[in-house]
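Participant: turn this into a model:
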Amino acid sequence: VLVKAVDRADILRTAKQNKPGCVTLLRHWYDGGQHYDFAPYPVKLDRARNFFNSFLDGTFYQQYAPFVDIIGGWNEVFAESQTAQEKADRVEQERAMIEVFKAEHAPRLPAHVRYAMASSAVGNSQPKEMYQLAVSEDCYIQDHPYSHWVNGVRSAGDWQNLSGLWNRKEQEYGVK
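Facilitator: Numbers count the residues shown, from 1 in each chain. Model prediction:
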């Protein structure tokens with residue numbers, strides 16, 4: 001069972017206390033701070049640092065870190081409408097996020113905690129480079145694999161294009 005909370009690590013603590021085997025993911029609402037403008041890599045590092053430091057603070061480390069398994073990155077970053085250059089800019093931002101997370105926060109977290117890279121919007125795929133980063137950097141990919149049903153009937157193509165899009169992309173990219 002996965003329990004995801006947005007800016008409520010206390011919910012994850014309660015979840016772990018009631019069901020110790022559950023997996024917990026903390027997402028921080030930061031949509032207004034997500035910027036993509038082809039900035040140089042040092043700016044991307046600063047953006048990553050600002051993001052993590054905005055919620056992985058003393059209170060988090062003292063009260064909640066033992067109850068969190070996954071730290072989520074930015075929200076709905078990838079969309080089919082983006083150009084190759086826009087997607088590359090976002091992948092580079094994820095490299096910066098991983099670098100900062102591993103250098104500045106992972107050493108303070110329990111060893112099992114992993115970073116979950118930026119998510120895509122429902123029905124939008126992530127580029128192959130994200131799957132490669134997940135494997136090479138031991139991170140997770142976040143997606144929104146919602147399922148679409150109408151009047152109790154699952155929509156045609158739901159698995160291929162929505163709830164199972166991640167699976168289709170793993171097969172297409174040859175990266176699990």
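
Participant: from G32, how far out is the closest residue to P110 other than its chain neighbours?
Facilitator: Once flanking residues are discounted, P110 sits nearest to P66: 6.1 Å by Cβ to Cβ, 6 or more residues apart in numbering. For every residue, glycine as well, the C-beta is placed using N, CA and C. From P66 across to G32, the span is 29 Å (Cβ to Cβ, to the nearest Å).

Participant: more crowded one of those two?
Facilitator: P66 (13 against 6; other Cβ atoms under 10 Å).

Participant: over to the more buried one. Which of the three states is it?
Facilitator: helix (DSSP: H, G, I helix; E, B strand; the rest coil).

Participant: if we can go back for a sec, please look at the residue nearest to P110 and A111 and confirm they touch.
Facilitator: No: using Cβ atoms under 8 Å, P66 is not in contact with A111; the gap is 11.5 Å.

Participant: surely I71 meets H105?
Facilitator: Yes: the criterion here is Cβ under 8 Å, and I71 meets it with H105 at 7.5 Å.

Participant: now the common contact residues for the two.
Facilitator: Shared contacts of I71 and H105, defined by Cβ atoms under 8 Å, 6 or more residues apart in numbering, are found at 52, 56.
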